[in-house]
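*Asks:* Task: produce atomic coordinates for the following.
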Amino acid sequence: MTIHNSLPSSTQLTDPFGREINYLRLSVTDRCNLRCTYCMAEDMTFLPRQQILSLEELRDTAAAFVELGIRKIRLTGGEPLIRRDILKLVGALSALPDLEELTMTTNGVLLPSMAQPLKDAGISRLNISIDSLEAERFKALTRLGDLKQVLAGIKAAVAAGIAKIKLNAVILAGFNDDEVLDLARFAVDNGLDISFIEEMPLGEISSHKRANTKISSQQIRQQLASEFTLLDSAETTGGPSRYLQVANSESKIGFISPMSNNFCESCNRVRLTAEGRLLLCLGNEHSADLREVMRSYPGDRNLLKSKITEALKTKPERHYFDPEQVDIVRFMNMTGG
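*Replies:* Predicted coordinates for the structure are as follows:
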């Protein structure tokens, strides 16, 4: 598998607005070993296992997408590392002809033992979620998390020689917005990139009022400017993050701004949920049921590809998030990040 920083145009997947789709976010489970306050309810009910795509179904769907021109796949969840036989799936996907980049987003809890096997199986990039560097606050935000495990996981990923490691931090006003500089320093000191993410209104969580925790990327950038010189950067990873180079450093700081500055104009991606729903947009419910096709017509790759290309015709132009209300009832763990 050849790794490229940019994804060339060779896709057969084009939406009604002329955007070429070459990036698939593939959720392998809706389950997670954390319960982050902004992501899901504490007493989540997860899907019955028979509704989740099998490893073979995940591999076959990914293969169909690659044949249609997908060149980058990101494995997500839930937490992908709790999926049984995840390394087997990584190995199968990394062997797909024409796939150029296989990446993963993880909470890092299981990385101390999994980082090297992931690298060996074919993972080329890792995004690791870390929203606080204070142990008690980290525990409160994740409800179950141990900060030491995640820090050990980051260290293990670096030691494994994974080519690119990026930290993801969701910033919540009144919770962790006083740690923006600390998180940036941690990334820079360790030679890592970091993206700061605006919270999105996905799923109703009674214990968490998103209108009270709203903070924009511009406000975060203003904090960073007090300590860091941020330079324009042309780098892109094919995702929604907009990067700035930290002066006198190898690190970049990214901003994912679905609320204050949507990135829909350049959208090049779709999502497949763990139950086989093809989501055409993070902030809309437009979807197609690929599981039904695979289970009704097993092995019919052409029919599956036809269903995918037909679904692309319904991809909307953009999302419309309102921080004051929840229009999308599915939680982030059901969406695939």
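
*Asks:* So I194, which state does it fall into?
*Replies:* Secondary structure for I194, judged by DSSP: H, G, I helix; E, B strand; the rest coil, is strand.

*Asks:* That one: neighbour count?
*Replies:* Residue crowding around I194 was assessed by other Cβ atoms under 10 Å; the count is 26. (C-beta placed from N, C-alpha, C; glycine too.)

*Asks:* ok, now how distant is it from A157?
*Replies:* 14 Å (Cβ to Cβ, to the nearest Å).

*Asks:* do V270 as well
*Replies:* 27 Å.

*Asks:* Likewise for Y297?
*Replies:* Where A157 is concerned, Y297 sits at a distance of 40 Å (Cβ to Cβ).

*Asks:* Check D98 too.
*Replies:* 26 Å.

*Asks:* ok, these two, which is more surrounded?
*Replies:* A157 (24 against 13).

*Asks:* Quick check: nearest residue in space to K119, chain neighbours excluded?
*Replies:* Distances taken as Cβ to Cβ, 6 or more residues apart in numbering put A160 closest to K119, at 4.4 Å, once the chain neighbours are dropped.

*Asks:* Contacts only, for the one you found.
*Replies:* By Cβ atoms under 8 Å, 6 or more residues apart in numbering, the residues touching A160 are 115-116, 118-119.

*Asks:* correct me, but G161 touches D120?
*Replies:* No: counting by Cβ atoms under 8 Å, G161 stays clear of D120, with 10.1 Å between them.

*Asks:* The two - which one has more neighbours?
*Replies:* A count of neighbours by other Cβ under 10 Å puts D120 above the other of G161 and D120, at 13 against 9.

*Asks:* quick one: low-confidence ranges for the protein?
*Replies:* By pLDDT under 70, the low-scoring segments of the chain are 1-11, 201-211, 237-239, 259-261, 263, 319-337.

*Asks:* just the strands in it please.
*Replies:* Using DSSP state E, the strands of the chain run over 23-27, 72-76, 101-106, 125-129, 164-170, 193-197, 230-232, 242-246, 252-256, 269-272, 277-279, 287-289.

*Asks:* Tell me which of these sits nearest to R84.
*Replies:* R84 lies closest, by Cβ to Cβ, to one member of the strands of the chain: strand 72-76, at 13.8 Å.

*Asks:* Thanks a lot, catch you later.
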